[in-house]
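Undergrad: Got a sequence here, can you model it:
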Amino acid sequence: MRSCTPSIGLTFIAAAAALLSGCAMAPAATTPVAGASHLDTVQKAAVLRICTPGDYKPFSFQKPDGAFEGIDVDLMTGFSASLGAKPEWVKTTWANLLPDLAAGKCDIAVGGVSVTTDRQKRAFFSAPYMVNGKTPIARCADVAKYQSVAAIDQPSVRVIFNPGGSNERFARANFKKAKLTLHGENVTIFDEILANRADVFVTEAAEAITQQKLKPGLCAVNPDKPLQYGEMAWMLPRDDVAFKSYVDQWLHLQQAGGDFQRTMDRWLK
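TA: Next up, the predicted model:
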């Protein structure tokens, strides 16, 4: 490991240095030819195609004007520049994020992507840049009720989740008694809890903390002690070792030089 001990709270979820170990536009025609690395084709095309769902604050969020903002958006702007390329955002969904990357519709997939072994079977991951475990968010008055998986997994509890990603997998794997509701719109899922149409949503700590700031009345439940350990990283095309090596080295240098932490602080503090 490159450094030190993760701290608690916001610094816990932004513990990037502790982990490094050593779209609205149509995709451009930059798919690598057989045997070529994305490292070469991106530089040749001067375009980096980036798949993202764009519905996950503070990582990647598409604004009403179509532009994207967030931690990964800022980082991808710098990463693209390092290759002499401009970022081109390819809007997708969580269910289609991995299939779109595997099909060559983009060169990299970002936006708050959890590292999982299922995804690892079909893609490479960059070195993880954040600890970001599964954390419940609920109405503030109900926080004491939902301190554990067992406390949430009760017939009277209405658990809501978004489709196609690790949040859905966690809900289906852990909540067998609770009433499960699939909600297709990640942006409005928090309003369902405020409106008392659902009780709990289990997501990553960073999103839970961000949304409790944006949605008065909602509170993250013990974000410094998540229900399940998790890491965030970028998804990369499988078997492209040269591209992964470049991504990891760029990320390491951003962390070592302090630019990475400044980006994190801008969105998390």
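Undergrad: going forward, measure contacts and count neighbours with C-alpha atoms only.
TA: Fine.
Undergrad: how far away is the most centrally placed residue in the chain from F61?
TA: In the chain, the C-alpha nearest the mean C-alpha coordinate belongs to G112, at 0.8 Å (Cα atoms, centre = their mean). As for G112, its distance to F61 is 10 Å (criterion: Cα to Cα, to the nearest Å).
Undergrad: so the residue nearest to V42 when sequence neighbours are not counted, which of the three states?
TA: Computed as Cα to Cα, 6 or more residues apart in numbering, the closest residue to V42 that is not its neighbour in sequence is L48, at 5.7 Å. Recorded secondary structure, L48: strand (DSSP: H, G, I helix; E, B strand; the rest coil).
Undergrad: Start the count at 21 instead of 1 going forward.
TA: Will do, 21 is the new start, and the previous item becomes L68.
Undergrad: Beta-bridge partners for L68, please?
TA: Taking DSSP bridges, one finds P107 as the beta-bridge partners of L68.
Undergrad: Please enumerate the helices of the chain.
TA: Counting by DSSP state H, one finds helices in the chain at the ranges 30-33, 58-65, 91-102, 114-122, 137-140, 169-172, 186-194, 209-214, 225-234, 261-277, 279-288.
Undergrad: List the contacts of the residue nearest to the centre of the chain.
TA: Y76, F79, S80, D92, M252, A253 (Cα atoms under 8 Å, 6 or more residues apart in numbering).
Undergrad: again, only using 7 Å
TA: Contacts for G132 (Cα atoms under 7 Å, 6 or more residues apart in numbering) come out as Y76, F79, M252.
Undergrad: Now, the residues you listed that are in strands?
TA: Within those, residues falling in strands by DSSP state E are Y76, M252.
Undergrad: contacting residues for the closest residue to K196 other than its chain neighbours?
TA: Spatial nearest neighbour of K196, chain neighbours left out: D173 (6.6 Å); criterion: Cα to Cα, 6+ apart. For D173, the contact set (Cα under 7 Å, 6+ apart) comprises F195, K196, K197, A198.
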